[in-house]
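Student: Provided below for reference: sequence and predicted model.
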Amino acid sequence: MLRFIIAFLVGKAAKFVLKLSGRRATHFPGKLARKICPDFLKYVGKPKDIICVTGTNGKTSTSNMIEDCLRQAGVRLLDNSFGSNTLSGICATFIDGVSIFNKPKYDVYVLEVDERSSLHIYKHITPTYFICTNLFRDSVTRNAHTEYIFSIINDCLPAETMLILNGDDIISSRLGKGKNKERIFFGVNRLEGEETEDYNIINDGRTCPECGAKMIFDFKRYHHIGRAHCSVCSMKSPEPDYAVTCADYKNRTITVKHKGEENIYPMVNEAVFNIYNECAVIALLAEYGFEPEKTAGFIKNIKITETRHSEITAGGVKIDCTMLKGLNPIACSRNCHTAKITKGRKAVFFMVDDIHNEKDDSENITWHYEADYEALNDDSIKMIYISGPRAEDLKYRLLLGDIPQEKIITGRYEKDIIEKIDFSQIDTLLIFYDMYRYDMLEKEIKPAIISAAENK
């Protein structure tokens, strides 16, 4: 206990010094506390409720929406948006969340949790609610495979925690099976006029995760997301407790069915993966105790954070910026398919190199060969621009997808690309950027593109 007290006081002091210097987004106090007391998270004060959100894609957006809604409800909450989602960042959040006497200052913590860090975090905290948005392939050198990540999370989840899971994901929907009594599922029914994607390089749901036999998809939305059953054993997709039955894109609403009752909510974003995220939020708020009308009112006032998505029009051209999680073939595939179905004439601008790898290491590019770049081979996509030190590698991958070479322009630096964009030939410029490129996008790239579009 003495080591914890020393770690706690040192962590508090580090937090104070960093705040004085104007630095907030850091995991350093948590890292320092853990170095002194490895079991720091075990002893630090806990709030009444802890909501943990994890998953390959969508955990940040889902966490942000939950926080927005709970704050509107007047709930005193703390999140780890100014730290990190790994163990040190979460320890730093707990340091910030308690008084000098180690008493919680907030009623609820909303924590975004890195999947690989689960093993170290749930050993010391028991979430009241646990949300998993999905489990996909991601950063192969770190995460290996979906079943590997599944086993890490599943082995350490406390049995007392209520799980809120994506019922349309046959991998993550198995979390807590046979262990957690409270498992709630959300999903999206096949929507009117919706067509399944007939081409995806990755589908990690081809074989039954329980017996290894062939899985039969009753409806496959994309990759392994949909409704499926095993051809041999009883394994099948669970029926969602919260199911999106209608997406009205004209009026920007979704209809969610729960226990036979349908309720209408504002649509935060029309991309189907964000509809999944919103449904997860609706399920969490309902289980937390909010009535549908109250939840709808909260959702009406929120939007996807601009670090994830922003739109602006310049010179008659819509500039649509979307964060693309680098080293993640599914996130890239989703954006490629979105580009294909976006109306009008468009161009795509990729800024997906990881600046950390660019600076210190050689980036692993195998993920490019698992992404659905073939979706960009469409007449409505007039040009594809690629910047960064690995631009030629991505160009080669696009050529393997039969995309005409004359449509592809590469450049080492973003400024080299901007001067080559022909705005007169397009209605929309879709910019897909890695999370580490956001500051550059806002401070340098977007202003330069707006200026170029207005002076075309």
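Tutor: In hand now; what should we look at? Numbering: from 1, shown residues only.

Student: now residue 307: how far from residue 64?
Tutor: Separation of residue 307 from residue 64 (Cβ to Cβ, to the nearest Å) stands at 9 Å. Yep, even glycine has a C-beta here, placed from its N, CA and C like the rest.

Student: show me which of these two is the more surrounded one.
Tutor: Legend: neighbour count by other Cβ atoms under 10 Å for residue 307 and residue 64, higher for residue 64 (23 against 16).

Student: and the helix or strand that one falls within, what does it pack against?
Tutor: Under the criterion of DSSP states H and E, residue 64 resides in helix 59-72. For helix 59-72, the helices and strands in contact under the criterion 3 or more Cβ pairs under 8 Å, 6 or more residues apart in numbering; DSSP states H and E are strand 49-54, strand 77-79, strand 108-112, helix 272-288, helix 292-300.

Student: ok, which of those comes nearest residue 398?
Tutor: helix 272-288 (22.9 Å; Cβ to Cβ).

Student: compute the inter-axis angle for the closest one and strand 49-54.
Tutor: Counting by axes from the mean of the first three to the mean of the last three Cα atoms, to 10 degrees, helix 272-288 lies at 160 degrees to strand 49-54.

Student: against which helices or strands is helix 272-288 packed?
Tutor: helix 59-72, strand 129-132, strand 162-166, strand 183-188, strand 242-248, strand 253-258, helix 292-300.

Student: hey, which of the ones you listed is tucked in deepest?
Tutor: strand 129-132 (a mean of 28; mean count of other Cβ atoms under 10 Å).

Student: put the alpha carbons of the helix holding residue 64 into PDB.
Tutor: Extracted in PDB, the C-alpha atoms of helix 59-72 (Å, rounded to 0.1, in the frame of the first residue of the first chain):
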ATOM      1  CA  LYS A  59     -14.900   2.900 -30.400                       C
ATOM      2  CA  THR A  60     -13.900   6.500 -30.300                       C
ATOM      3  CA  SER A  61     -17.100   7.700 -32.100                       C
ATOM      4  CA  THR A  62     -19.300   5.500 -29.900                       C
ATOM      5  CA  SER A  63     -17.500   6.800 -26.700                       C
ATOM      6  CA  ASN A  64     -17.900  10.400 -27.800                       C
ATOM      7  CA  MET A  65     -21.600  10.000 -28.400                       C
ATOM      8  CA  ILE A  66     -22.200   8.300 -25.000                       C
ATOM      9  CA  GLU A  67     -20.300  11.200 -23.300                       C
ATOM     10  CA  ASP A  68     -22.300  13.800 -25.200                       C
ATOM     11  CA  CYS A  69     -25.600  12.200 -24.200                       C
ATOM     12  CA  LEU A  70     -24.800  11.600 -20.600                       C
ATOM     13  CA  ARG A  71     -23.500  15.200 -20.200                       C
ATOM     14  CA  GLN A  72     -26.700  16.500 -21.600                       C
END
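
Student: before we move on, the earlier item: columns distance to residue 202 on top of the helices and strands packed on helix 59-72, output as TSV?
Tutor: As requested, these are exported to TSV (distance: least, Cβ to Cβ, whole Å):
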stretch	distance to residue 202
strand 49-54	20
strand 77-79	31
strand 108-112	24
helix 272-288	15
helix 292-300	31
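
Student: closest to residue 391 out of those?
Tutor: helix 272-288 (26.5 Å).

Student: name the nearest residue to residue 156, sequence neighbours excluded.
Tutor: residue 122 (4.5 Å; Cβ to Cβ, 6 or more residues apart in numbering).

Student: I'd say the one you found and residue 159 touch.
Tutor: No: using Cβ atoms under 8 Å, residue 122 is not in contact with residue 159, being 10.8 Å away.

Student: neighbour count winner among these two?
Tutor: The neighbour comparison of residue 122 against residue 159 (other Cβ under 10 Å) goes to residue 122, with 20 against 11.

Student: quick one: residues contacting the more buried one.
Tutor: 52, 156-158 (Cβ atoms under 8 Å, 6 or more residues apart in numbering).

Student: confidence-wise, which helix or strand of the chain is lowest on average?
Tutor: Lowest mean confidence among the helices and strands of the chain (mean pLDDT, DSSP states H and E): helix 355-360, at a mean of 57.

Student: any idea which helix or strand comes after that one?
Tutor: strand 381-387.

Student: check the offset of the following helix or strand past that next one from the chain's centre.
Tutor: Per DSSP H and E, the first helix or strand lying C-terminal to strand 381-387 is helix 391-400. Computed by Cα atoms, centre = their mean, to the nearest Å, the chain-centroid distance of helix 391-400 equals 26 Å.

Student: what residues sit buried inside helix 391-400?
Tutor: 391, 394-395, 397-398 (16 or more other Cβ atoms under 10 Å).

Student: try stretch 203-212
Tutor: For stretch 203-212, by 16+ other Cβ under 10 Å, it's 204-205, 208-209.

Student: list of residues touching the helix holding residue 64?
Tutor: 51, 53, 55, 77, 79, 81, 85, 108, 110-113, 131, 133, 268, 274, 277-278, 280-281, 284-285, 290, 295, 297-299, 301-302, 304-305, 308.
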